[in-house]
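Asker: output the structure for:
(chains A and B)
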Protein chains: 2
Amino acid sequence: MPQAAALTRDEQGERHSLDEFLAAIPGIDASTDITDRKRRSRDYFWYSPILYEQLKTSLADVIVTPRDEAEIVRVAAACVEHRIPLTVRGGATGNYGQCVPLQGGVVLDMALLNRIEWQKPGLVRVQAGAKLYDIDAATRPNGFELRMHPSTKRSAQIGGFVAGGSGGVGSVTFGGMREPGNIVAARIVTLEPTPRVIELRGDAAQKISRAYGTTGIITALEMPLAPVQPWVDVIVAFDDFIECVRFGHAIAMADGIVKKLLSPVQWPVPKHFAAFRAFCPEGKNVLSAMIGEMSLESFETLLASTRGTMTYKAASEDVLGKVPLYEHAWNHTTLQVLKNDRSVTYLQCLYPHDRLVDAVAQVGAKFGDEVYQHLEFIRLNGYMTASGIPVVRYQSPERLYEIMAGYESCGVMIANPHVVTLEDGSRYKRVDTDQLGFKHQVDPLGLLNPGKMRSFAPQTA
Amino acid sequence: MPQAAALTRDEQGERHSLDEFLAAIPGIDASTDITDRKRRSRDYFWYSPILYEQLKTSLADVIVTPRDEAEIVRVAAACVEHRIPLTVRGGATGNYGQCVPLQGGVVLDMALLNRIEWQKPGLVRVQAGAKLYDIDAATRPNGFELRMHPSTKRSAQIGGFVAGGSGGVGSVTFGGMREPGNIVAARIVTLEPTPRVIELRGDAAQKISRAYGTTGIITALEMPLAPVQPWVDVIVAFDDFIECVRFGHAIAMADGIVKKLLSPVQWPVPKHFAAFRAFCPEGKNVLSAMIGEMSLESFETLLASTRGTMTYKAASEDVLGKVPLYEHAWNHTTLQVLKNDRSVTYLQCLYPHDRLVDAVAQVGAKFGDEVYQHLEFIRLNGYMTASGIPVVRYQSPERLYEIMAGYESCGVMIANPHVVTLEDGSRYKRVDTDQLGFKHQVDPLGLLNPGKMRSFAPQTA
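Answerer: Numbering: from 1, shown residues only, chains lettered A, B, ... in the order given. This is a model prediction of the structure:
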């Protein structure tokens, strides 16, 4: 191991050397190699030009890769003893710097905690570092699949998804991770002199949902599953984007039509869907969807009364080596554009459920070619609605904030993805009260991912 | 075969003898035995004292029991030739005289057309006379179950359910039969001189949904299925009925909690739940529910924040010889009371989705002990709402109509179950335009279940 540098950041008014910390965790894999530290201090924050400037130089002092929960407990204790920040890293597929160590210190790489602990009908218990793709592959032979996954299913880890995601492919049926019933239990390690291991069951598991790892180190999760269904990927092309949204909405509202994904995408975004370009006709808006095979005929029946044309229909196959349709939905939609055009960025919004189509039309009229709309139908609080991840032509931070204000003036809520704190990134610009209170119990010194929960004031020693 | 009587009812201005009709269908089972005719001319219309008076003397002239579709075609042709009304009988579990021959003639008993034609993942094709229980038993080993079934699952037939039902156990997730995607195809025989056999696919299948067999003789159905899930039956007791409804609504709206049944029932109705009396504490309102096993802990978590107490929890077992919990829901709820107290009847209503709990409270305040509320959470047009099947202390037709008007004044819609016509029994007091137009094509003389679709004026010869 190369000689470790002294820690240069210390928010607790105490200064400890990295060497002392490393000496306290013998036998645990720790890397201070600069290439490694650079590589494992980032995520996909570069989707945001604002975050890119803010986060590009953030760097861990050491990357620690524990093999099991016992090692995590030892790392946690050492961090508390030496007042060293600890930021948990999952698959690093997030877009807001969730796993970027704003104040340096330890990045805890969860990759080796990837075991599936057990399966029961409709339930799976996994270590937090298990990849979504691997979980799905393990539960599928037993007749169950993940209820929802992000478009980054192939590289994201379950812990990171729960800690930073809100929902994804499947949320059109089950709603987001925050809906009661979508996380059954979470096991965490606290940042205390003698770290505790706590099992959070039922509603208590929500204390770690979308908290960016600020409320405990998640080591295991118990997740509900959905029965496996035969899915069919379809693409439908429309001349008119509003008609595309309207049809998507009709399918969304039809509770007899089983679906996992419904994504209306405005032209020219589909031009960038390289793997499906042949099925995205020039100038057409598309609805990408995953439909239950038994509902396909009903889907086509409803389609027949529109001017839409089905251009693609094939059994959903999630095999490595083949680009899946779901990698053209959620924030992969933005990524497909960014591959060709780095002058764009994106927003995250929530359309009002009771005037969804009107709001889409209003936003479209307001911004024209500066914003290309992309919706994801989801259930939220028991209502069918749509979130939106529009692709935005980027000019300046000021103009981006103007666009956000414009969305809000149309009654569309914004969860700003160009900020690093939980509060600024939430639709309500605040952290969940439960999570804030809980953080005082499990991380009184504020060592977990410091800088991400700005409402939190650490206990003064 | 006993000597057949001459037909005494003939609405077409022509008179034919029953003997001529019987001579036209040699080899097809036909019974003119009076006991048999009485027995197979009724359904559960006696739930309504009004319908009881109206229908108790209605009687078929002959009961025909075809073995296959070819025999049905021959019967249909003979009915047209001899201008004889034809009323289709399924399991006869309906409550509005759907299979009661108002104008005599033929009752066509579908019991022998009970074959399961094929199964595919998520789909089943069955003959119309197959019992729901038998279909479920056949698909379950392949991992699928009926999306919804009435509380009469054990005796109802699929054809009768589609022709007269609106939904049932499962509609809290999939909505009713009318939702797009909940009937994939229907095959019918028309009442024409040369009867046609028509396959109605997709949306066209809705032409026979809840038409009481007036728009063709349904011979086969293609129905979508749901993946089998491990269900748990639960009963939760509440002092306060409104709290019971509010909790049911919270579960209904929680898209992460998998459910098949959610039925708040007001005390003293549960007093009559003989098989579950031990789990229905004196004076308490109950929520009966079927919850996905993987969601049970989440259900209990939400319950913990109420004053409700779980009194019963057991795996849902649908085995003959054991009374299932679902036989205390939907209109079986009324039946359980009627077993002890013949002085009650019932209504069918639909609560407004956006002020559901308020409407329940309003109705409760208006009628006190004259009406005991019983709700069934269902999805309708993409929204979660509740239908209601209150148990009503019966005084007179006039008072019953006053109560209906009172419900409507609270914003609760009524589908009157004390009338025999489709129009009067619908929430909108009219027949579906498509169905009316379609009837002109498939039954121009109006021989199918005459008297049930009163907007229909038969073609004059």
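Asker: can you give me the helices in the stretch 301-450 of chain A?
Answerer: Using DSSP state H, counting those that start in this stretch, the helices of the stretch 301-450 of chain A run over A:330-338, A:356-367, A:397-409, A:422-425, A:433-442.
Asker: in the stretch 1-150 of chain A, which spans are helices?
Answerer: Under DSSP H, counting those that start in this stretch, the stretch 1-150 of chain A gives helices at A:18-23, A:34-39, A:49-55, A:69-82, A:132-139.
Asker: strands of the stretch 251-400 of chain A, start to end?
Answerer: Ranges of strands within the stretch 251-400 of chain A are A:259-265, A:285-292, A:309-315, A:344-346, A:349-350, A:371-372, A:375-380, A:383-388, A:391-393, based on DSSP state E, counting those that start in this stretch.
Asker: turn those strands into CSV, columns for mean pLDDT and distance to A:R430.
Answerer: (C-beta placed from N, C-alpha, C; glycine too.) CSV is the format used below for these (pLDDT from 0 to 100; distance: least, Cβ to Cβ, whole Å):
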stretch, mean pLDDT, distance to A:R430
strand A:259-265, 98, 29
strand A:285-292, 98, 33
strand A:309-315, 98, 42
strand A:344-346, 97, 23
strand A:349-350, 97, 16
strand A:371-372, 98, 26
strand A:375-380, 98, 18
strand A:383-388, 98, 19
strand A:391-393, 97, 25
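Asker: can you redo these as a markdown table with mean neighbour count?
Answerer: Formatted as a markdown table, the strands of the stretch 251-400 of chain A follow (neighbours: other Cβ atoms under 10 Å in any protein chain shown):
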| stretch | mean neighbour count |
| --- | --- |
| strand A:259-265 | 26 |
| strand A:285-292 | 26 |
| strand A:309-315 | 14 |
| strand A:344-346 | 23 |
| strand A:349-350 | 22 |
| strand A:371-372 | 24 |
| strand A:375-380 | 25 |
| strand A:383-388 | 23 |
| strand A:391-393 | 20 |
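Asker: reformat the ones you listed as JSON lines; add distance to chain B.
Answerer: Putting these into JSON lines (distance: least, Cβ to the nearest Cβ, whole Å) gives the following:
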{"stretch": "strand A:259-265", "distance to chain B": "10"}
{"stretch": "strand A:285-292", "distance to chain B": "6"}
{"stretch": "strand A:309-315", "distance to chain B": "11"}
{"stretch": "strand A:344-346", "distance to chain B": "26"}
{"stretch": "strand A:349-350", "distance to chain B": "16"}
{"stretch": "strand A:371-372", "distance to chain B": "27"}
{"stretch": "strand A:375-380", "distance to chain B": "5"}
{"stretch": "strand A:383-388", "distance to chain B": "5"}
{"stretch": "strand A:391-393", "distance to chain B": "28"}
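Asker: what would those strands look like in JSON lines with distance to B:S305?
Answerer: Shown next, in JSON lines, are the strands of the stretch 251-400 of chain A (distance: least, Cβ to Cβ, whole Å):
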{"stretch": "strand A:259-265", "distance to B:S305": "31"}
{"stretch": "strand A:285-292", "distance to B:S305": "34"}
{"stretch": "strand A:309-315", "distance to B:S305": "43"}
{"stretch": "strand A:344-346", "distance to B:S305": "37"}
{"stretch": "strand A:349-350", "distance to B:S305": "26"}
{"stretch": "strand A:371-372", "distance to B:S305": "41"}
{"stretch": "strand A:375-380", "distance to B:S305": "21"}
{"stretch": "strand A:383-388", "distance to B:S305": "21"}
{"stretch": "strand A:391-393", "distance to B:S305": "41"}
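Asker: what's the closest of those strands to A:A204?
Answerer: strand A:375-380 (21.6 Å; Cβ to Cβ).
Asker: so what touches the closest one?
Answerer: Strand A:375-380 has contacts (Cβ atoms under 8 Å, 6 or more residues apart in numbering or on different chains) with A:167, A:171-176, A:179, A:245, A:248-249, A:251-252, A:261-265, A:329-330, A:350-351, A:353, A:360, A:384-389, B:255.
Asker: orientation of it relative to strand B:383-388 in degrees?
Answerer: Orientation of strand A:375-380 against strand B:383-388 (axes from the mean of the first three to the mean of the last three Cα atoms, to 10 degrees) gives an angle of 40 degrees.
Asker: and strand A:375-380, which strands flank it?
Answerer: strand A:383-388 (antiparallel) (DSSP bridges).
Asker: the strand it pairs with to helix A:356-367, inter-axis angle?
Answerer: Angle of strand A:383-388 versus helix A:356-367, following the same axes, to 10 degrees, is 20 degrees.
Asker: any idea which of the helices of the stretch 301-450 of chain A is most buried?
Answerer: Across the helices of the stretch 301-450 of chain A, averaging neighbours per residue (mean count of other Cβ atoms under 10 Å in any protein chain shown) puts helix A:330-338 on top, at a mean of 23.
Asker: show me what contacts A:Q435?
Answerer: A:Q435 is in contact with A:K207, A:I208, A:A211, A:T214, A:T215, A:M453, counting by Cβ under 8 Å, 6+ apart.
Asker: between the two ends of stretch A:384-399, how far is it?
Answerer: One end of stretch A:384-399 sits 31 Å from the other (Cα to Cα, to the nearest Å).
Asker: shaky segments in chain A?
Answerer: Scanning chain A with the threshold set as pLDDT under 70 gives A:1-16, A:460-461.
Asker: apply 50 and report the result again.
Answerer: For chain A, residues meeting the criterion pLDDT under 50 lie at A:1-6, A:8-13, A:15.
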